[in-house]
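Colleague: Take this sequence and fold it.
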Amino acid sequence: MHNLCTRFVTGELNIHRWSLILLALSLTLVSLPAVAYRAYMGNASAVYIEYVTIPQYSTFTFETTSLSSGADTVMHLLRDNGTGGFVQVAVNDDYYGLASRISYYNGAATTDFVLLVRAYDLNSSGTCDVLVNSVLHQIAGPVGGWLQTSSYVTFSQGDQIRTMHLPGGSVAPMVATMTDRFTISDMALNNAAGGTSLLYAGGYEQYFLIGTPYVSLIVSKRRNLDIEFGSQRPSGSVRG
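Modeller: Reported below is the predicted structural model:
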């Protein structure tokens with residue numbers, strides 16, 4: 001597991017000043033003019049992420065198999081919305097036993113997707129194999145993540161939500177907002193300064209999902225892992 005720090009920031013913030021705070025890896029709440037900080041700490045176990053390009057008029061089938069003892073997978077498929085973000089188009093839990101399966105037909109233009117596999121809750125982590133169109137893409141991929149109810153934190157519409165790794169961590173965790181236990185409304189992965197992940201709260205979130213990315217690029221046209229997830233949106237705007 002990777003230690004993480006999640007910060008909720010109210011109001012506008014100079015990105016360079018925030019970068020200095022991150023580089024200092026300070027866990028002290030810092031008071032800046034017109035900005036309030038609330039920090040929460042926890043452990044972000046790994047989630048499986050695969051970048052997939054699905055051609056037009058094609059059907060791709062994704063599934064988990066060979067789950068380790070105690071593992072319970074939930075699978076999300078998110079589509080590139082063309083503006084730097086991703087929108088969930090399918091989700092599955094317990095298709096066969098505790099395994100997950102999504103079969104998705106892409107009737108639109110060839111588009112990039114993100115496949116995300118996580119644990120149902122903190123007590124259902126482990127490993128699983130991942131198949132794409134019945135072809136083995138990952139052996140013993142992680143089944144993890146920290147799914148937290150929104151009542152755990154204090155936030156308002158327009159607040160910035162950032163994750164960062166603490167000393168000894170290797171990467172800032174991904175963060176997703178959810179309208180219910182299975183619906184991702186927004187997602188970010190290393191899209192902000194210092195490799196942090198940044199979202200804006202809509203004020204209606206019921207859950208937050210945080211996980212250290214375990215990334216596969218087997219069926220992907222992406223050239224790097226520094227992917228933008230809507231980082232150009234103005235403060236206060238959200239994507240459903």
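Colleague: Residue 202 reaches residue 185, doesn't it?
Modeller: Yes - with the criterion set as Cβ atoms under 8 Å, residue 202 and residue 185 qualify as a contacting pair; they are 6.9 Å apart. Any C-beta I mention is one placed from the backbone N, CA and C, and that applies to glycine too.
Colleague: what's the weakest-modelled helix or strand in this protein?
Modeller: Using mean pLDDT, DSSP states H and E, the weakest-scoring helix or strand in the chain turns out to be helix 15-24, at a mean of 28.
Colleague: so residue 210 bridges to which residues?
Modeller: Here residue 210 sits in beta bridges with residue 146, residue 175, as judged by DSSP bridges.
Colleague: For it, give its distance to residue 115.
Modeller: With distances defined as Cβ to Cβ, to the nearest Å, the gap from residue 210 to residue 115 amounts to 18 Å.
Colleague: Report how many residues lie close to the nearest residue to residue 81 once chain neighbours are set aside.
Modeller: For residue 81, the nearest residue in space outside its immediate sequence neighbours is residue 87; the separation is 5.0 Å by Cβ to Cβ, 6 or more residues apart in numbering. Burial of residue 87, expressed as a neighbour count using other Cβ atoms under 10 Å, amounts to 16.
Colleague: now residue 123
Modeller: Neighbour count of residue 123, defined by other Cβ under 10 Å: 8.
Colleague: For it, what are phi and psi?
Modeller: The main-chain torsion angles of residue 123 are listed as degrees, to the nearest 10 and equal phi -100, psi 10.
Colleague: and what of the one 4 residues further on?
Modeller: Note on residue 127: its backbone torsions stand at phi -140, psi 160 [degrees, to the nearest 10].
Colleague: got it, and residue 78?
Modeller: According to degrees, to the nearest 10, the main-chain angles of residue 78 amount to phi -120, psi 140.
Colleague: Provide a list of residues in contact with it.
Modeller: 86, 87, 88, 89, 113, 114, 116, 184, 187 (Cβ atoms under 8 Å, 6 or more residues apart in numbering).
Colleague: again, but for residue 77
Modeller: Counting by Cβ under 8 Å, 6+ apart, residue 77 makes contact with 62, 88, 89, 90, 91, 102, 104, 113, 114, 115, 116.
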